[in-house]
Structures are given as structure tokens and as C-alpha cells.
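Undergrad: what shape does this take:
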Amino acid sequence: MCIRDSPKSTQNRQPPNNHQGGEGHPKNCNVSIRGGVEIDLSQNLGTKYEAEHEERTTHDNKQLFWARLTLWALVAYTFVTILMYCANRKAANAAESAAKTARDGLGITVEQVHVSQRAYLTTYDFNIPEPLQPNHPVRAILTIKNSGPTPATDIHFAFQVFITDRKLVKLTAIGKAPSDSRTPFSTTFLGAQQPNSRPNEAWLDGNRNRLLNSDEFNAINAGTKFLYAVAVIDYLDVFKHQGHTVSCSIYIPDIHALVGCENGSVLE
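TA: I've put the predicted structure just below:
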């Protein structure tokens, strides 16, 4: 923009210098002369631009600073959250492991108490009171005793005497005792360390009229047949766990007595 001088101001002006243009007006239109004072408009515009640029730069720098600060705060928060998650997870795993150890320890303790305090029904005085003779019945007797420190209840008992052609490896002929409480061998209660009030007896093949014939007698003495007496006892202990006892004896002709079987006896 060019500003023309007023006529009044031209009276005080020096003649134009022909060497500088000689046209009677300023060559640079960005310079204004008023009352003998030169005003450089381009310099003022530059200063204003620099101030605005500096202000804008400052504002941008502030925005960048807060954006970076927010980003770092988010990173720090995320890091702390991860640390807290890891710590909580570790604590949860430790708590779970401690709970499992406690449960296992409690289970072992309960099992130890059960094993040490439960009832155990066993047999003793297992024998054949009369020597074997041909054409005579065969009778075996035994006594049941609770060898444990607590009572046994719901007791069921089965007792058999039988002859086999070979030695038994497993007692497949005898399973669980009869569960019918009306059977002659059943009772309901046996206290701690208490034997049965009277011996229990069993006859050959469950028949007191069954006689041992001569062939069977000779085969037993020769070792080609074997005479067994087996008792099975089922009961409950005070922990309401099922107890199971199998007592197996075999007749030995040389000593005329029953001895424990090599296989077949069970105490559960």
C-alpha cells in the first residue's frame, strides 16, 4: 500500500534525487512519510507475524506437552495395572495352593484318624475240635473279636467248610457275607476290644449231617484234596465306613490242625 504525501508536507521536502528514481514519489510503496517520519509497514507486519507465530508455537508446544504427559500417565497406569494384576494373580495362586495343601493335609489327618480309631473285626481260635475221621461229620469253630478302639455295628458273618481238588489261589467261592440280619451268623454290635460271646461253628458243606467219606479222608491225608475253613465278615465302623474281613485257614494233616492260608485272607 502507498500513501501520498499532502501538499503541506511537500514544502519541507528536499527535491527528489534523480539518481534514486527521479519520479517525485517514493519508489518503495511499503514506506510512508508523514511529518518527516518514515513508517516501514513491512517491518510492522513482520513483527506482528513473528509474534503470532511465536504465540502459536507456544500454544502448540503446550498441547504437545500435555499430550505427551497424558500418554506417559496412561503408560504408567497400564504398567501399574499389570503389576497389580500379576500381584493379585500370584496371591490368588498362593491362596489356592495353600487351600489345596490345607485340604490335602486335612484329608490325610482325617484318614489317619480313621485308620487309628476304626473298628477291626478279626478271628482267632480257628480250629477243628475233633480229629478228622472217616464217616464222621466235620466241624470247625472260630471266635470273632473287635481288635479296634471303637465299636463295630451292622455285623454280618458267613462261615464255610469245604473240600477242593487243588489249593486255592483266590477265594472265588466266598464273596460278601449275607446281609440278611436273620441269618444265624449275624449280630448287630461288637464293642471295642470285645470278642463274640460264644464261638461260631460251621459244618462241612454247611450240613451237620454231612459225613466225611473214606476216599475224601485218604485224599486229604495224601495231599490230593484240601480242606478249607473260610469266614467272611462285613460291618460298619463308627465313621460309617464299610469294613470287610476274610479269614482263610487250611487243614494240615501232619499236625491235625487249621493254619492260615498263604493267600486269601483280607482285612479291609
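Undergrad: buried residues, stretch 102-114. List them.
TA: Buried residues in stretch 102-114, counted by 16 or more other C-beta atoms under 10 Å: none are found. C-betas here are computed from N, CA, C, even on glycine.
Undergrad: what about that stretch, average pLDDT?
TA: The average pLDDT within stretch 102-114 is 75.
Undergrad: same question for stretch 137-154.
TA: For stretch 137-154, mean pLDDT is 92.
Undergrad: any idea how far apart the tips of that stretch sit?
TA: Distance across stretch 137-154, first residue to last, is 32 Å (C-alpha to C-alpha, to the nearest Å).
Undergrad: buried ones in that stretch?
TA: Neighbour-count burial for stretch 137-154 [16+ other C-beta under 10 Å]: 138-142, 144-146, 148, 150-152, 154.
Undergrad: need the max-distance pair from those residues.
TA: V138 and T150 (36.2 Å; C-beta to C-beta).
Undergrad: about what we covered before: from the buried residues of stretch 137-154, pick the one nearest G107.
TA: For the buried residues of stretch 137-154, the closest approach to G107 (C-beta to C-beta) belongs to T150, at 20.1 Å.
Undergrad: hmm, the closest one is touching L121, no?
TA: No: assessed by C-beta atoms under 8 Å, T150 is found out of contact with L121, at 11.7 Å.
Undergrad: which residues touch T122?
TA: Contacts for T122 (C-beta atoms under 8 Å, 6 or more residues apart in numbering) come out as 144-145, 147, 245, 247, 267.
Undergrad: next: L212.
TA: Each residue near L212 by C-beta under 8 Å, 6+ apart is listed here: 132-138, 204.
Undergrad: go again using 6 Å as the cut-off
TA: L212 makes contact with V138, according to C-beta atoms under 6 Å, 6 or more residues apart in numbering.
Undergrad: who is it paired with across the strands?
TA: With DSSP bridges as the criterion, L212 is bridged to H136.
Undergrad: spatially central residue for this structure, please.
TA: Residue closest to the average C-alpha location in the chain (C-alpha atoms, centre = their mean): K100, at 6.0 Å.
Undergrad: roughly how far does that one sit from N93?
TA: K100 is 10 Å from N93, where distance means C-beta to C-beta, to the nearest Å.
Undergrad: how about S249?
TA: According to C-beta to C-beta, S249 and N93 sit 56 Å apart.
Undergrad: please identify which of those two sits among more neighbours.
TA: The neighbour count for S249 versus N93, taken as other C-beta atoms under 10 Å, is higher for S249 (24 against 10).
Undergrad: buried residues in whichever helix or strand the more buried one is part of?
TA: Using DSSP states H and E, S249 sits in strand 242-252. For strand 242-252, the neighbour count (16+ other C-beta under 10 Å) marks 243, 245-251 as buried.
Undergrad: closest one to Y228 out of those residues, please.
TA: Set against Y228, the nearest of these by C-beta to C-beta is I250 (5.6 Å).
Undergrad: that closest one contacts C261, correct?
TA: Yes: counting by C-beta atoms under 6 Å, C261 is a contact partner of I250 at 5.4 Å.
Undergrad: list the residue ranges of the stretch 1-150 of the chain that fall below the pLDDT cut-off.
TA: With pLDDT under 70 as the threshold, the stretch 1-150 of the chain has low-confidence stretches at 1-53, 60, 64, 67, 106.
Undergrad: show me the strands in it, by range?
TA: Taking DSSP state E, counting those that start in this stretch, the strands of the stretch 1-150 of the chain run over residues 31-34, 37-40, 121-127, 136-137, 139-146.
Undergrad: which other residues reach the last one?
TA: I take that to be strand 139-146. 119, 121-126, 128, 152, 161, 190, 194-196, 199-203, 229, 231.
Undergrad: buried subset of those residues as a PyMOL selection?
TA: Entered in PyMOL, the line below selects the buried ones among these, by 16+ other C-beta under 10 Å:
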select buried, resi 119+121+122+123+126+128+152+161+190+195+196+199+200+202+203+229+231
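Undergrad: so which of the contacts of strand 139-146 belong to helices?
TA: Assignment to helices by DSSP state H places none of the contacts of strand 139-146 there.
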